[in-house]
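> Build me a model:
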Amino acid sequence: MENARSFDLVAFDMDGVLVDYSSCWTWVHHHFGVDNEPALLSFVNGEIDDKEFMRRDIALWRDRDPKLDLDGLRCILEPLPYNAGIGETVAALKERGIKAVIVSGGLDIVAERIAERYGFDDFIANGVESDESGQLTGEGVLRVELLNKKLALDAFLSKYSVRRERAACVGDSFIDIPMFKACGMSIAFNPIDQRVSNNATFVVRDRNLSAVLPYILNNGK
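Model (predicted):
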């Protein structure tokens, strides 16, 4: 009997898709009143790698609070707003036997919280290194390369034995384009620019994440 499911796995970007904010890293920057634009430009221009980018971001926070620890970071991130419809979306996918995973260059503290709250099957995100007392060391933990999210997606496809054409993904920025190209179907959810829209199978502009469900469950029809 042919599998009635449209897809076997859906990968969601986090910032801008699950989180109603451009970046959880930026949320922390704004909390401390710091600007990471110089580091961002250096990264985009290929002058620094992911690890150095994270290192410079964390240094901005520690300059304002040298004793910043994981608990303090969790408190800063607690008020981060989420988009509506996450629970409904994940529940609908799981009802059909579809895996729902998070693939994000954002902070694992947030990804873990969202995954547990809404029932995602799995997540992968970047983090910050801490010592035995929980205090930040200044180093980041790289799990998702910002310019090659395809690698993180491929790890999930392998883990859950899902063929590429049986995976869908949802994202909003140029960072998600490599993931788009590695999926059977991609959805640009409130894309930040035309380049994202041009590289997606479908574009969805809505304040509620569940608006992506008809495309996923009906195989884009």
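> need the helices for this structure, in chain order.
24-32, 37-44, 50-64, 70-77, 86-95, 108-118, 149-159, 177-181, 194-198, 213-217 (DSSP state H).
> could those be laid out in a markdown table, adding mean pLDDT, distance to Glu165 and mean neighbour count?
C-betas here are computed from N, CA, C, even on glycine. A markdown table is the format used below for these (pLDDT from 0 to 100; distance: least, Cβ to Cβ, whole Å; neighbours: other Cβ atoms under 10 Å):
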| stretch | mean pLDDT | distance to Glu165 | mean neighbour count |
| --- | --- | --- | --- |
| helix 24-32 | 97 | 31 | 19 |
| helix 37-44 | 95 | 31 | 14 |
| helix 50-64 | 97 | 29 | 17 |
| helix 70-77 | 97 | 36 | 16 |
| helix 86-95 | 97 | 17 | 18 |
| helix 108-118 | 98 | 25 | 19 |
| helix 149-159 | 96 | 10 | 18 |
| helix 177-181 | 95 | 12 | 20 |
| helix 194-198 | 96 | 21 | 14 |
| helix 213-217 | 95 | 14 | 18 |
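> mind checking which of those is nearest Gly140?
helix 50-64 (2.8 Å; Cβ to Cβ).
> I'd like to know how many residues surround the spatially closest residue to Glu139 that is not a sequence neighbour.
Nearest residue to Glu139, sequence neighbours excluded (Cβ to Cβ, 6 or more residues apart in numbering): Glu129, at 4.1 Å. By other Cβ atoms under 10 Å, 14 other residues sit near Glu129.
> wait, doesn't Glu129 sit right on Gln135?
No. With contact defined as Cβ atoms under 8 Å, Glu129 and Gln135 do not form a contacting pair (10.1 Å).
> where does Gly220 land on pLDDT?
Gly220 carries a pLDDT value of 53.
> got a list of what the closest residue to Ser23 other than its chain neighbours touches?
Leaving out its chain neighbours, the residue that sits closest to Ser23 by Cβ to Cβ, 6+ apart is Asp15, at 4.7 Å. Contact analysis of Asp15 by Cβ atoms under 8 Å, 6 or more residues apart in numbering lists Tyr21, Ser22, Ser23, Cys24, Ser104, Gly105, Gly106, Asp172.
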